[in-house]
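*Asks:* Turn this into a model:
(2 chains)
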Amino acid sequence: MQHQFDAIVVGSGITGGWAAKELTEAGLKVLMIERGRKIEHQVDYDTETKAPWELPFRGLGDAALYAREYAVQRKNRHFNEFTEGHFVNDKDNPYETGADTDFTWFRSYQLGGRSLTWGRQCYRWSDYDFGANKRDGHGTDWPIRYAELAPWYDKVEEFVGVSGAKEGLAQLPDGHFQPPMALNVVEQAVRERIAAQWPERCLTVGRTANLTEAKEAEGRSHCQYRSICARGCSYGAYFSTQSSTLPAATKTGLLTVVTDAQVEKVDYDPKTRRVTGVRWIETKTGARKAATARLVFLNAGAFNSVHLLLNSASEAMPNGLANGSGVLGTHIMDHANTLSVIAEFPGFSDRTSFGNRPTGIVIPRFRNLETLDGQGFTRGYSYQGGALQSGWSRGKRMAGTGAGFKDDLQQVGPWRMVLVTFAESLPRASNRLTLGKATDPRGVPQLEVHFAHGAEEHAALADAKEQAAVMMTAAGGKVLMGMDRPGPGGSAIHEMGGARMGWDPQTSVLDRFSRAHQVANLYVTDGAQMSSSACQNPSLTYMALTARACAHAVEQMRAGVI
Amino acid sequence: MAVDRREFLSGAALLALALGIPVAAVRLSDMADADLPTARQRVLAREVSQLVIPRTGTPGAGEVGVGDFLILALAHGLDGSREPASASSPAGEPMPLRPDGSLDHLLWLERTLDRAGGGDFLGAAPQARAAMLAKLDATAFPPGPPPADPSPWALVKGLILTGYYTSQTGAAQELRYELVPGRFDNDIPLTPGYRAWSSDWTAVEFG
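*Replies:* As a prediction, the model looks like this:
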């Protein structure tokens, strides 16, 4: 069979960009298909330099419009009038939820996907994470361990440009870092005061995909400390498809990009037991198109890659492509997260900072490491947040009108520290994706999400709230409030799983190289492949797994297996 | 009597031009006819904004168009202003609702202040108006924890503050605005008279 392309990559976000880069740099002719619109680096960041007074709703956005058309996306902290163009219209992109499911699915359908809007936190996983399922029996054992992934972490960190501090922690391995951003005065004090009392608890600056040193060869400047990343960054100072992987892939001359194309099915040939290509709908015209390739990478985002596999059921594979095990769609996860503490910090009222650091702090996991702590959960949680000084918006809570009130709000407000917990989400068969009954406006079956956090996640958040208060108080803070109830599923925007990796084709969808057990030329290298969730932000691990899978696929092609 | 839409929009544009700020700052897009204020309500919104944030070394909120921003924001449901509301106050007084079941904050404000002003708030002397508003504010923000059932004034006041500190005057003259700091100074002295940064987005969001 004559194929049009060596490889098709479905999706152009964080992992799709990586797949396109790695495969083209290996000499493959690649088609990358994106369902959303084209966004050109620098040219199309329409609101990047706008001031609030230049927008009709001053940056808050038209709440009436959002209620009608962005009913889910509007709940995302990063969604506002500046960034609304970087999120999906919920009305045009509906999904269903099970009877007892409250799931906010935050999505960015556009060239670059969520790489334009992500939180940019980059953390390695450790063997506490890859060994977790085996240790406590939840989920299926990961078929890989840290040592196998470490060189791939090195590779992607170097290219991404991750700034961070080395701390020598087994549960959060150090990486190939650019110089760290600095802690502010309160964070530094809290770091020292926590370490004095709990040597195993480390407050460190967030490891973030924002450059502290320019990468001139790639046309990327160092961070300008604006912290408005989700508008798009013409400096290329944070890692996105547009700033990083797309230029690299384009430079090879081997990349074809198609946008406004919603992939509907992956074609499978039962005779060869190979996928042969994909079919898509041109979203602007409704026309149906197809292309063929020797190799297919799914990078549509965890839930959409699973959706595509489910929707690609055929006579030969009636329960979904690569779903001989029957576990496709099951064991989805999303970190249980909540605002664990807000505390005021007196004693620093004569100090401030200048510039907007685009990352906070992290306090890595300290629970259930060498021994299980017996607190009702067997995994970990970690805090992210930071110290900040209140601005004018504190006036919304204060009594006062008139000149004195105005003068007061002209001053910098008191220091506060905020800690948000991300607790590990256990892989459960009952948390799953299925095809729904209704279709989207283009006639494709909607995805149906069934999801609930369990007792372990609730116990972790309860402990996190308590420990956050204890640490803030010990560090000299005055606790104002804290919560221990998780937000709806999806709140962490770390939804993952559904096509889990595992040793056994009977109980997992993908093998240890992110390749379908049943289909030797089909790889799924986004969040869908995850067998557990750890409590770290997962994108860096997706990237490392993608680079590793690409190397494997190229090897298989050269060996004539694919 | 409701203000004619064209008159309202052009009035906003003229106000903007007079103040030398971009017209977009007070563009009133897509207002349903039912949401247009009366002429008196528009004056009231401007006056109340100016009382919350008066002219000091910089112009006050009413002067920079925050009254119109408030009207637009309430019509479009900013800060939850078009969520379903209770038809009576905790004290049992009837509350004016819009047809969609949300509180008509502007009408509530007009009635509340007129009642305080013996029937005509706008007709009262300037100092008396300031005192009446201060009293309403003090009731809405009592000492101690915030009331479980907040006064509608808290939402109105919040939108006035948003309107002012996101205006060019509030953001860049009263406070300071820097789109591209270019660096992060993690620990510098905070000296008396140091003006806050409206472009400290984290402070605005979490502060």
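
*Asks:* State the distance from A:Gln2 to A:Lys271.
*Replies:* Going from A:Gln2 to A:Lys271 by C-beta to C-beta, to the nearest Å gives 16 Å. (C-beta placed from N, C-alpha, C; glycine too.)

*Asks:* ok, how many other residues are close to A:Ser514?
*Replies:* Per other C-beta atoms under 10 Å in any protein chain shown, the neighbour tally for A:Ser514 reads 28.

*Asks:* Same check on B:Ala87?
*Replies:* Under the criterion other C-beta under 10 Å, the count of neighbours that B:Ala87 has is 11.

*Asks:* Please list all residues in contact with it.
*Replies:* The neighbourhood of B:Ala87, defined by C-beta atoms under 8 Å, 6 or more residues apart in numbering or on different chains, consists of B:94-95, B:97.

*Asks:* Equivalent analysis for B:Trp197, please.
*Replies:* B:Trp197 touches A:354, A:391, B:175-178, B:203, counting by C-beta under 8 Å, 6+ apart.

*Asks:* got the residue ranges for the strands in chain B?
*Replies:* B:185-189 (DSSP state E).

*Asks:* any weak-confidence spans in it?
*Replies:* In the predicted model, chain B carries pLDDT under 70 at residues B:1-30.

*Asks:* tell me the centre residue of it?
*Replies:* Residue closest to the mean C-alpha point of chain B, counted by C-alpha atoms, centre = their mean, is B:Ile160 at 2.0 Å.

*Asks:* Any figure for the gap between that one and A:Leu183?
*Replies:* From B:Ile160 over to A:Leu183 (counting by C-beta to C-beta), the distance is 36 Å.

*Asks:* quick one: pLDDT of A:Gln556?
*Replies:* For A:Gln556, the pLDDT comes out at 98.

*Asks:* tell me the SS of it?
*Replies:* Secondary structure, DSSP: H, G, I helix; E, B strand; the rest coil: A:Gln556 is helix.

*Asks:* circling back: mind checking which of the contacts of B:Ala87 are buried?
*Replies:* Buried by 16 or more other C-beta atoms under 10 Å in any protein chain shown: B:95, B:97, out of those.

*Asks:* Would you format the contacts of B:Ala87 as TSV with distance to A:Phe377 included?
*Replies:* As requested, those are exported to TSV (distance: C-beta to C-beta, whole Å):
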residue	distance to A:Phe377
B:Pro94	50
B:Met95	46
B:Leu97	46
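
*Asks:* filter the contacts of B:Ala87 by proximity to chain A?
*Replies:* Residues of the contacts of B:Ala87 in contact with chain A (C-beta under 8 Å from any C-beta of the partner chain): none.

*Asks:* Where does pLDDT dip in chain A?
*Replies:* The model of chain A has pLDDT under 70 over residues A:1.

*Asks:* Please, where are all the helices along it?
*Replies:* If DSSP state H is used as the criterion, the helices of chain A fall at A:14-25, A:63-69, A:127-130, A:132-136, A:146-160, A:185-197, A:246-251, A:302-311, A:403-410, A:455-474, A:539-558.

*Asks:* Output these in a markdown table, with distance to chain B appended to each entry.
*Replies:* Output for the helices of chain A, formatted as a markdown table (distance: least, C-beta to the nearest C-beta, whole Å):
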| stretch | distance to chain B |
| --- | --- |
| helix A:14-25 | 23 |
| helix A:63-69 | 4 |
| helix A:127-130 | 29 |
| helix A:132-136 | 32 |
| helix A:146-160 | 20 |
| helix A:185-197 | 4 |
| helix A:246-251 | 23 |
| helix A:302-311 | 27 |
| helix A:403-410 | 5 |
| helix A:455-474 | 15 |
| helix A:539-558 | 21 |
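
*Asks:* quick one: which of the ones you listed is nearest B:Leu106?
*Replies:* Of all the helices of chain A, helix A:63-69 sits nearest to B:Leu106, with 15.9 Å by C-beta to C-beta.

*Asks:* And that closest one, what's buried?
*Replies:* A:63-66, A:69.

*Asks:* Check stretch A:160-168 too.
*Replies:* By 16+ other C-beta under 10 Å, the buried positions in stretch A:160-168 come out as A:160-165, A:167.

*Asks:* ok, of those, which one's closest to A:Gly436?
*Replies:* Using C-beta to C-beta, A:Val160 is the member of the buried residues of stretch A:160-168 that sits closest to A:Gly436, with 35.6 Å.

*Asks:* got the contact list for that closest one?
*Replies:* A:Val160 neighbours (C-beta under 8 Å, 6+ apart): A:122, A:209, A:239, A:244, A:540, A:543.

*Asks:* quick check, nearest of those to A:Gln506?
*Replies:* Looking across those and measuring by C-beta to C-beta, the closest to A:Gln506 is A:Met543, at 29.2 Å.

*Asks:* The closest one touches A:Lys155, doesn't it?
*Replies:* No: A:Met543 lies out of contact with A:Lys155 (C-beta atoms under 8 Å); the separation is 9.0 Å.

*Asks:* which of these two has more neighbours?
*Replies:* Taking other C-beta under 10 Å, A:Met543 and A:Lys155 do not tie; A:Met543 has more neighbours (28 against 17).

*Asks:* excluding its backbone neighbours, what's nearest that one?
*Replies:* Take A:Met543 and drop its neighbours on the chain: the residue closest to it by C-beta to C-beta, 6 or more residues apart in numbering or on different chains is A:Val156, 4.3 Å away.

*Asks:* Next one: the one you found from A:Met181, what distance?
*Replies:* Using C-beta to C-beta, A:Val156 is found at 20 Å from A:Met181.

*Asks:* again with B:Ala91
*Replies:* B:Ala91 is 51 Å from A:Met181, by C-beta to C-beta.

*Asks:* Neighbour count for those two, which is higher?
*Replies:* For the pair B:Ala91 and A:Met181, the greater number of neighbours falls to A:Met181 (25 against 5), based on other C-beta under 10 Å.

*Asks:* Return the residues in contact with A:Leu298.
*Replies:* Neighbours of A:Leu298 in contact, by C-beta under 8 Å, 6+ apart: A:10-11, A:266, A:305, A:308-309, A:522-526, A:528.

*Asks:* will you turn the residues you listed into a markdown table that also has neighbour count and distance to A:Gly560?
*Replies:* Converted to a markdown table, those look like this (neighbours: other C-beta atoms under 10 Å in any protein chain shown; distance: C-beta to C-beta, whole Å):
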| residue | neighbour count | distance to A:Gly560 |
| --- | --- | --- |
| A:Val10 | 27 | 25 |
| A:Gly11 | 29 | 28 |
| A:Val266 | 24 | 22 |
| A:Ser305 | 26 | 27 |
| A:Leu308 | 27 | 27 |
| A:Leu309 | 30 | 26 |
| A:Leu522 | 26 | 17 |
| A:Tyr523 | 30 | 17 |
| A:Val524 | 32 | 23 |
| A:Thr525 | 31 | 22 |
| A:Asp526 | 34 | 27 |
| A:Ala528 | 34 | 28 |
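
*Asks:* out of those, who's nearest A:Gly489?
*Replies:* Using C-beta to C-beta, the contacts of A:Leu298 come closest to A:Gly489 at A:Ala528, 15.9 Å.

*Asks:* Show the contacting residues for that closest one.
*Replies:* Going by C-beta under 8 Å, 6+ apart, A:Ala528 touches A:298, A:302-303, A:305-306, A:496-499.

*Asks:* what would those look like in JSON lines with distance to A:Gly454?
*Replies:* Output for the contacts of A:Ala528, formatted as JSON lines (distance: C-beta to C-beta, whole Å):
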{"residue": "A:Leu298", "distance to A:Gly454": "28"}
{"residue": "A:Ala302", "distance to A:Gly454": "19"}
{"residue": "A:Phe303", "distance to A:Gly454": "19"}
{"residue": "A:Ser305", "distance to A:Gly454": "24"}
{"residue": "A:Val306", "distance to A:Gly454": "20"}
{"residue": "A:Met496", "distance to A:Gly454": "16"}
{"residue": "A:Gly497", "distance to A:Gly454": "14"}
{"residue": "A:Gly498", "distance to A:Gly454": "17"}
{"residue": "A:Ala499", "distance to A:Gly454": "21"}
